[in-house]
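1. Kindly generate the corresponding structure for this input.
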Amino acid sequence: MISSQDIIQVRDYARQDGVFLALLWTAGFIATMYANTDAALGLIGNLATLATPFFVAYRLKAFRNDALEGHISFRRGLFYCMETFFHGAVLLTVVQFLWFRYGNVSGFMTQWQASYEAVIAAYQMSAAEASQLKEAVAMMSPLAWASLFLIMEIIAGLVLSPIIAAIMQRKK
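-> Residues are numbered from 1 along each chain as shown. This next block holds a predicted model:
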């Protein structure tokens, strides 16, 4: 059974590692925002995204070995991972909101327009439907964009957390 002290310990480590995860994601986000000026930045952004589960697993291993003497249950590992993803996602959402509100979003909109062109072609949308889609995207507020990404980050955390916790668990 997990005591309240164990929950506090997991939350403290998860908050700290959530900040580190947010820094990794922020670097990837900023690199992605400037990817239209340099293709290498797009690669860096993709690598930061792909490194996410490995980074969280590495931090869980550090928590397990440093704080728990090399032993962690699946439940505690799952709780740690979910907390880490949550805190990282919230911090990144703040950065994204500020970026969409005050930063240069022209490169981002160019990338979205290109991706919507592919969607329009794939679904064989009419010109009116395509126009409505582009208008809807253009009308989204910075808060709406940041919220959209927050939901995607939390879903990624929900999917990855059980996998990471299962791999990293060590029983006494």
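2. most centrally placed residue in this structure?
-> Nearest to the mean C-alpha position of the chain, by CA atoms, centre = their mean, lies residue 153 at 3.9 Å.
3. ok, and what's touching stretch 146-163?
-> 25, 52-53, 56, 78, 81-82, 84-86, 88-90, 92-94, 96-97, 100, 140 (CB atoms under 8 Å, 6 or more residues apart in numbering). Every residue, glycine included, has its C-beta placed from N, CA and C.
4. I am assuming residue 85 contacts residue 56, so please confirm or correct that.
-> Yes - the pair residue 85 / residue 56 is scored as a contact, 7.1 Å apart, by CB atoms under 8 Å.
5. thinking again about what came up before, just the buried ones among the contacts of stretch 146-163, please.
-> 25, 52-53, 56, 78, 81-82, 84-86, 88-89, 92-93, 96-97, 100 (16 or more other CB atoms under 10 Å).
6. Need the overlap of contacts for residue 85 and residue 56.
-> Contacts common to residue 85 and residue 56, judged by CB under 8 Å, 6+ apart, are 21, 160.
7. so where is the chain shaky, pLDDT-wise?
-> The chain contains residues with pLDDT under 70 at 1-2.
8. Chain neighbours aside, what residue packs nearest to residue 51?
-> residue 24 (6.7 Å; CB to CB, 6 or more residues apart in numbering).
9. Could you check how far the one you found is from residue 76?
-> To residue 76, residue 24 is 23 Å away according to CB to CB, to the nearest Å.
10. Looking at these two, which has the bigger crowd around it?
-> For residue 24 versus residue 76, neighbours defined as other CB atoms under 10 Å are more numerous around residue 76 (21 against 17).
11. ok, so what distance separates that one from residue 142?
-> 37 Å.
12. same thing with residue 116?
-> Distance of residue 116 to residue 142, computed by CB to CB: 19 Å.
13. just residue 91 next, same as before
-> Going from residue 91 to residue 142 by CB to CB gives 16 Å.
14. What of residue 168?
-> Plainly put, residue 168 is 36 Å away from residue 142 if you go by CB to CB.
15. higher neighbour count, those two?
-> Neighbour count, other CB under 10 Å: between residue 168 and residue 142, residue 168 has more, with 21 against 16.
16. Right, I'll leave it there.
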